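Asks: Sequence and predicted structure are below.
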Amino acid sequence: MSDVTGLAGKSVIVTGAGSGIGRAAALRFAAAGARVLVADLNAQTARETVELVRAAGGTAVAVTGDLGDQAVVDRVTETAVEVFGTVDVLVNNAGVMDRMSAAADVTDAEWDRVIRVNLTAPFMLTRAVLPHMLAAGGGAIVNTASEAGLRGSAAGAAYTASKHGVIGLTKNLAVMYRGRGIRANAVAPGGVATNIKVEADQGAHGPATIAPYFQNIGAVTSAEDQAAAIVFLASDAAAGVNGAILPVDSGWAAV
């Protein structure tokens, strides 16, 4: 049977792969025959993902650390190249929520953390892997954006700005490198059943203002739903898809 995904033997980096969407994506890539580098802040959960991949007969290694640190980004990239030979696919999935804070209430610490993890880290890792993809003649980048990147009523100021930035980065990559064999796309999840935490003060202006809009969220999706879309965008089945932002949100974006 032919490999319709074109992922067999490919080298894939998945960030935030210790749990949730990232773990589901790592397992699905491995099931398609790809070799997976599991990048996560949490060493224990990263090891667990690697063990799950290997138990299913796949190939995986883990690199742990804060992807907002250039040294960690370099280690992730260098490990993928040393172990697998190159980087064919990059999935920038790691992210954190904000406190749903309105702009007047966002602290410097909240803003800096959310922007660094959600936007700066994906940029840094993309910058690091691009030379390897270009040398190989192509590659696929899939970013995890959010419904908050499509509207202003899905999160606080910091998270909303970070995910709008991810979408802008995705589209710019698609334009800049489409002539050099590299595709860049993003998924935009809505409500997802994962362990990501929202530590919001429900009495504050931001959460109280946003709350009524969540009546339109619709059904909550699973991490596996998101992973299926991510793997599709990275696969040969999406060879003609570039610069797309794919909502995986039970129709929330259509409301």
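Replies: Arrived safely, thanks for sending.

Asks: Find the residue at the geometric middle of the chain.
Replies: In the chain, the centroid-proximal residue (C-alpha atoms, centre = their mean) is Asn93; its distance is 1.8 Å.

Asks: Enumerate every residue touching that one.
Replies: Val14, Thr15, Gly16, Ala17, Ile21, Gly22, Ala25, Asn143, Thr144, Ile230 (C-beta atoms under 8 Å, 6 or more residues apart in numbering). To be clear about C-beta, it is placed using only N, CA and C from the backbone, and glycine gets the same treatment.

Asks: Do a quick rundown of the strands in the stretch 51-200 of the chain.
Replies: Here the stretch 51-200 of the chain has its strands, by DSSP state E, counting those that start in this stretch, at 59-64, 89-92, 139-144, 182-189.

Asks: Now the element after the last one, going C-ward?
Replies: Read that as strand 182-189. Proceeding N to C from strand 182-189, the next assigned helix or strand is helix 205-210, under DSSP states H and E.

Asks: What lies in contact with that next one?
Replies: 99-102, 104-105, 153-157, 200-202.

Asks: got the angle between the following helix or strand past that helix and strand 182-189?
Replies: Next along the chain after helix 205-210, taking DSSP H and E as the criterion, comes helix 223-234. If you take axes from the mean of the first three to the mean of the last three C-alpha atoms, to 10 degrees, helix 223-234 sits at 160 degrees to strand 182-189.

Asks: which helices and strands sit right next to helix 223-234?
Replies: Identification of packing neighbours for helix 223-234 by 3 or more C-beta pairs under 8 Å, 6 or more residues apart in numbering; DSSP states H and E yields helix 20-31, strand 89-92, strand 139-144, strand 182-189, strand 245-248.

Asks: Report the angle between the fourth one and helix 20-31.
Replies: Interaxial angle, strand 182-189 versus helix 20-31 (the same axes, to 10 degrees): 130 degrees.

Asks: What strands line up against strand 182-189, and which way round?
Replies: strand 139-144 (parallel), strand 245-248 (parallel) (DSSP bridges).

Asks: model confidence over the shortest one, on average?
Replies: On average, the pLDDT along strand 245-248 is 98.

Asks: how many other residues sit next to His205?
Replies: Counted with other C-beta atoms under 10 Å, residues neighbouring His205 total 14.

Asks: Begin at 404 from now on, thanks
Replies: Sure thing, new numbering starts at 404, so read that last one as His608.

Asks: For Arg519, see how far away it is.
Replies: Applying C-beta to C-beta, to the nearest Å, the value for His608 to Arg519 is 24 Å.

Asks: got it, and Ala641?
Replies: 29 Å.

Asks: Compare these two and say which is more crowded by neighbours.
Replies: Ala641 (20 against 17).

Asks: That one reaches Ala587, doesn't it?
Replies: No: judged on C-beta atoms under 8 Å, Ala641 makes no contact with Ala587 at a distance of 11.4 Å.
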